[in-house]
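[1] Pasting a predicted model and its sequence here:
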Amino acid sequence: MPEPLHLKDHSLEGRIFAYRLVVAAALVMGLSLLLVARFYNLQVTNHQDYATQSDRNRVHVQSIPPIRGLIYDRNGVLLADNRPSYTLSIVKERVADLDTTLALLQSLVEVSPGERENFAKRLKQRRRPFEAVPLRYRLNEEEIARIAVNEYRLEGVEVEAQLVRHYPLGSLLAHSVGYVGRISDRELSAFDEDQYRRYSGTHIIGKIGLEKQYESVLLGEVGYQNVETNARGRVLRVLEQTSPRPGKNLNLHLDIELQRAGFAALGDNRGALVAIDVASGGILAMVSTPSYDPNLFVTGISYKDYRELNESLDLPLFDRALQGQYPPGSTLKPVLGLGGLQHKVIDTEFGINDPGFYQLEGEERLYRDWTWRKKRDGHGSHVDLHMAIQQSCDTFYYDLAFRMGIDLMHQVGSEFGLGQRTGVDIPSERAGLWPSRQWKRGARGLHWFPGDSLNVGLGQGDVLTTPLQLASMTATLAARGERRAPRLVKAVDGIDVVPGAVKGAVADSPHWDYVFNAMKDVVHSARGTAQGIGRGAKYLMAGKTGTAQVVGIKQGEDYDEDAVAERQRDHALFVGFAPYEAPAIAVAVILENAGSGSAAAAPIARNMFDAFMAQENRELAGVREGED
Amino acid sequence: MSPAGQDFLRRMPEASSDLRRPLGLWRRIHVDPPLLLALLLLTGYGLVVLYSASGQNLYYLRRQMVFFVIAYCMMFTVAQVRMHVLERWAPWLYLGGVGLLVLVLFFGTGAKGAQRWLSLGGFRFQPSEILKLAVPIAVATYLAQRILPPRFKHVIWTLMLILIPTALIMRQPDLGTSLLIAASGLIVLFFAGLPWGYMFGALGTLVVGSWPMWQFVLRDYQKQRILTLLNPEADKLGAGWNIIQSKTAIGSGGLDGKGWLNGTQSQLDFLPEGHTDFIIAVLAEEFGLVGVLVLMALYLWVIVRGLTIAFNAQDTFSRLLAGSVTITFFVYVFVNMGMVAGMLPVVGVPLPLVSHGGTSIVTMMMGFGLLMAIGTERRRGTQ
């Protein structure tokens, strides 16, 4: 079949083309109108929104972090300050390839694996967009220069001068002053609106100790500046500024010389001591050993360092002064004896015959005196309260405890703050345990037995106290019944903190003199349990030793110090105050697993008294030096 | 005089006037003054905007001016070409262009994962630019020799002509350019009278076929661009940044703009690619809707003039080519402005004659050279 002949029809082609041209022109017009409509929509209808958006782009509100308040001891020695430190940080949003940038940085400055790890951790945390994430702190001049030279290759890398918290005295005050650290995810998510605002320029927060307790005072008020930035976040000019208000400074009751003396005296032992100014309740020294360097935590502690601290058997992170709960042992004797006198359970004439043990009527069990393992004849045929305190006669106190009963003992001990938080101005204080009938019924579901009272009377059994509680108890005793909440902070920005409420009142009774006298003889008489420390002192002190059992000794079994593993040995305690005539400083010392209080703990208290008296009375110190 | 003769005479003066009137200067040098004026205004306007968009960088301005000089020279040169000569050379132009594209696949250089450039002794160029003109010329040549409207067989051959270079350029990969080149060829087909049924059929197929396209053909970054268009807010700092910033720039410009060199979005570097693909955002921010309308008016002036030339063209080839060049130019304008305004996906299409960038300007002006050649060509019969 022949193909049909087709001829080009020029006029048809022309008509088709003309028609299509009209269609095309119409399409062009339609689409152009669409474009114009779109631009009209953006530029006129929604102009206001986009104008706002554009300004928000251009003008950034930047927070200016306030300078954190400083912490001084009572004599103006700086305990916590802020030091300029050059920090290398990275704005992730501006870095094209993080791995390349990190590799390059590592060729320029040293970045430890721990720092890498912390950086990775911080990167994963919630943060504001375009917020710089620190990689390395404390760059030196040379490192800064090397980064500056390579700046063109390091988009998104910043070197900022920051103030970093610094603790010049390091481990000396780790537990009391505490430390700051980077705000954690958990802390951040617990923030309310106002906190979120206050911390908008700040990356650190107090973690423990005073730094935590006084966080809101130390923080200060954030400042703002409106800045014009370009898209890369570079500030081109500051439009307006509200200056930040620096945090307030803290002045402590703490005396760094006393703190040093206590720290040195405790040495390598596990232990704690607290020294309290009797008149004000101010804490003069508070030591817990072993300690650690709080500076490690400021910029983020490495995993290895942390594990080392955390897993040490000596528990350096544990604040023994506030959180360590120990049986007080015989250190309770003066308080209970005083209670016995005041409530007329006994009088000063009262005495017992001490065979070296005590027996409850109708019970087999022998409650033995501590002297039992040396000699089996007790303290004598007539032991009165004075002697019972001086020589720490357990038999007398078994008898006294039985006579007083738990209810009266509970009342007396509570008046001295046992079993309660002292209300000190640092967080995480433990309350200890001062048993009562109600407590035993609630906690154990058991009735109170007379034997329980005997244990309480000896500061054993369920009784637990913190070193701070013991110091506070001793200070209350020294103040003749006036109980003040112990405090670390004396003044905020030079304005004295109103002292805590006083409980109890000065009891001007002869009973106090009697007990004080007995406590003086603990130190200054030949038969006193701590007579070793009284020698050579140019002032008089009063005290009481204590030895707290770590493991119970079974009936009929002897306690052999050498045979007991080191960590099961008794804790050594001592409480005391000085000078005897006008008590100014009260001290409580505990040494874990150090054996008896008289040998181990009492000399440490003497050190503290000496240091205090030297501070308090230069002339006295001068005289003594002259004599030596 | 007979009525017939009168008829003849009545028609004669129009036709003969065209033939007999001595050729004007413009016509003799093959320049179309209205088109030239519009182009001069456009390029001038473009330089003003570019100066601001480049952060008052004289380097870009000087470079662009050099390109313009070259582009105008090329335009005048191309304007001298006779259409029947072009038709004769069309196959070679096309084959040469495709050949270079194949070379790019093997020896090309480029950046950001794309191979688009061919280096010849220090001189770099994009062969895809040649195809921007070679494809419509080849398609117009092919169709002009067929009986129109084209039959199915010819449509298929035409599509093959279009598809080969399009696919090669897509491989580089350069989605924007390949789609524009495909468009320039398809526009010729449209003007040649492609039956409406075919068009709607193809459109339907495209809609149905978009799923496998999405699954197997599009690259991740291309998919990302489409997803970003649909919801730019989702990825504010990454893919959506460009669109959010350009919309903010345009919208904040308002009716009369923030003033020349005063656009904060562009001057503070919030707007990426402000001197190239996103330059309309700078214009819109600094000159406002008024500035956008002026630009649109200039573009429409060029397009109306181009369509007029196409309408008056002497033969089918010239008509088809002129129509394609003009409408392709509009497609550039529409795609670029639509993309910057957040209506279309971000495909790398410059704003014609305003965006910084050499080769595309030269190609575009050569296209206008073709329009001028067509518009000033004398009737073939009188030669």
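    Arrived safely.
[2] Nearest to chain A: which residue in the stretch 251-383 of chain B?
    Here the residue of the stretch 251-383 of chain B nearest chain A is B:Gly251; by C-beta to the nearest C-beta that distance is 2.5 Å. Glycine gets a C-beta too; all of them are placed from N, C-alpha and C.
[3] Next one: that residue from A:Leu31, what distance?
    21 Å (C-beta to C-beta, to the nearest Å).
[4] Equivalent analysis for A:Gln342, please.
    102 Å.
[5] need the contact list for A:Val456.
    A:401, A:406, A:409, A:435, A:462-463 (C-beta atoms under 8 Å, 6 or more residues apart in numbering or on different chains).
[6] Now it: which helix or strand?
    Per DSSP states H and E, A:Val456 falls inside helix A:450-457.
[7] Tell me the first helix or strand C-terminal of that helix.
    helix A:467-478.
[8] And the next helix or strand past that next one?
    strand A:483-484.
[9] Check which helices and strands that next one sits against.
    With contacts defined as 3 or more C-beta pairs under 8 Å, 6 or more residues apart in numbering or on different chains; DSSP states H and E, the packing partners of strand A:483-484 are helix A:467-478, strand A:502-503.
[10] what number of residues lie near the residue in the stretch 451-600 of chain A that chain B sits nearest to?
    Nearest residue of the stretch 451-600 of chain A to chain B: A:Asp493, at 42.0 Å (C-beta to the nearest C-beta). Neighbourhood size, A:Asp493 [other C-beta atoms under 10 Å in any protein chain shown]: 12.
[11] wait, isn't it in contact with A:Asn249?
    Yes - at 5.5 Å, A:Asp493 and A:Asn249 qualify as touching, with contact defined as C-beta atoms under 8 Å.
[12] all helices for the stretch 301-450 of chain A, in order.
    A:303-311, A:320-323, A:333-342, A:385-390, A:394-415, A:437-444, A:450-457 (DSSP state H, counting those that start in this stretch).
[13] what angle sits between the last one and helix A:333-342?
    With axes from the mean of the first three to the mean of the last three C-alpha atoms, to 10 degrees defining the directions, helix A:450-457 sits at 120 degrees from helix A:333-342.
[14] Check the offset of helix A:450-457 from the chain's centre.
    Computed by C-alpha atoms, centre = their mean, to the nearest Å, the chain-centroid distance of helix A:450-457 equals 34 Å.
[15] repeat for the fourth one
    Here helix A:385-390 shows a centroid-to-chain-centroid distance of 38 Å under the convention C-alpha atoms, centre = their mean.
[16] before we move on, what about the longest one?
    For helix A:394-415, the distance between its averaged C-alpha position and the chain's averaged C-alpha position is 34 Å (C-alpha atoms, centre = their mean).
[17] buried residues in that helix?
    A:394-402, A:404, A:406, A:408-410, A:412-413, A:415 (16 or more other C-beta atoms under 10 Å in any protein chain shown).
[18] And the second one, by the same measure?
    Taking 16+ other C-beta under 10 Å as the neighbour-count basis, helix A:320-323 is seen to contain the buried residues A:320-323.
[19] immediately after the lowest-mean-pLDDT helix or strand in chain B, which helix or strand?
    Ranked by mean pLDDT, DSSP states H and E, the weakest helix or strand in chain B is helix B:3-20, scoring a mean of 47. Toward the C-terminus, helix B:3-20 is succeeded by helix B:25-28 as the next helix or strand (DSSP H and E).
[20] Can you give me the buried ones in that following helix?
    B:Arg27.
[21] Show residues contacting it.
    Here helix B:25-28 has contacts from B:32-33, B:376, using C-beta under 8 Å, 6+ apart.
[22] give me that answer again for 6 Å
    Contacts to helix B:25-28, defined as C-beta atoms under 6 Å, 6 or more residues apart in numbering or on different chains, come from residues B:33, B:376.
[23] Chain A contacts on the stretch 201-350 of chain B?
    B:237, B:248, B:250-255, B:264-265, B:268-270, B:289, B:292, B:303, B:307, B:311, B:316, B:319, B:327, B:330, B:334, B:337, B:341, B:343 (C-beta under 6 Å from any C-beta of the partner chain).
[24] Which ones among the residues you listed lie within helices?
    Judged by DSSP state H, the subset of these located in helices is B:248, B:250-253, B:264-265, B:289, B:292, B:303, B:307, B:311, B:316, B:319, B:327, B:330, B:334, B:337.
[25] Of those, keep whichever come out buried.
    Using 16+ other C-beta under 10 Å, the buried members of these are B:248, B:250-253, B:264-265, B:289, B:292, B:303, B:307, B:311, B:316, B:319, B:327, B:330, B:334, B:337.
[26] how far away is the residue positioned nearest the centre of chain A from A:Asp185?
    Computing the C-alpha centroid of chain A and ranking residues by C-alpha atoms, centre = their mean puts A:Gly209 first, at 2.6 Å. Distance of A:Gly209 to A:Asp185, given as C-beta to C-beta: 22 Å.
[27] same deal with A:Pro134?
    Taken as C-beta to C-beta, the span from A:Pro134 to A:Asp185 is 16 Å.
[28] got it, and A:Ala272?
    33 Å.
[29] Show me which of those two is the more surrounded one.
    A:Ala272 (30 against 13).
[30] In what element of secondary structure is the residue in the stretch 51-200 of chain A that chain B sits nearest to found?
    The nearest approach of the stretch 51-200 of chain A to chain B comes at A:Ser54, 3.6 Å away (C-beta to the nearest C-beta). In this structure, A:Ser54 is located in helix A:47-58 according to DSSP H and E.
[31] Which secondary structure elements does that helix sit against?
    For helix A:47-58, the packing partners by 3 or more C-beta pairs under 6 Å, 6 or more residues apart in numbering or on different chains; DSSP states H and E come out as helix B:241-253, helix B:264-267.
[32] Quick one, which of those gets closest to B:Leu50.
    helix B:264-267 (11.2 Å; C-beta to C-beta).
[33] what's the burial count for B:Val48?
    Count around B:Val48 with other C-beta under 10 Å applied: 16.
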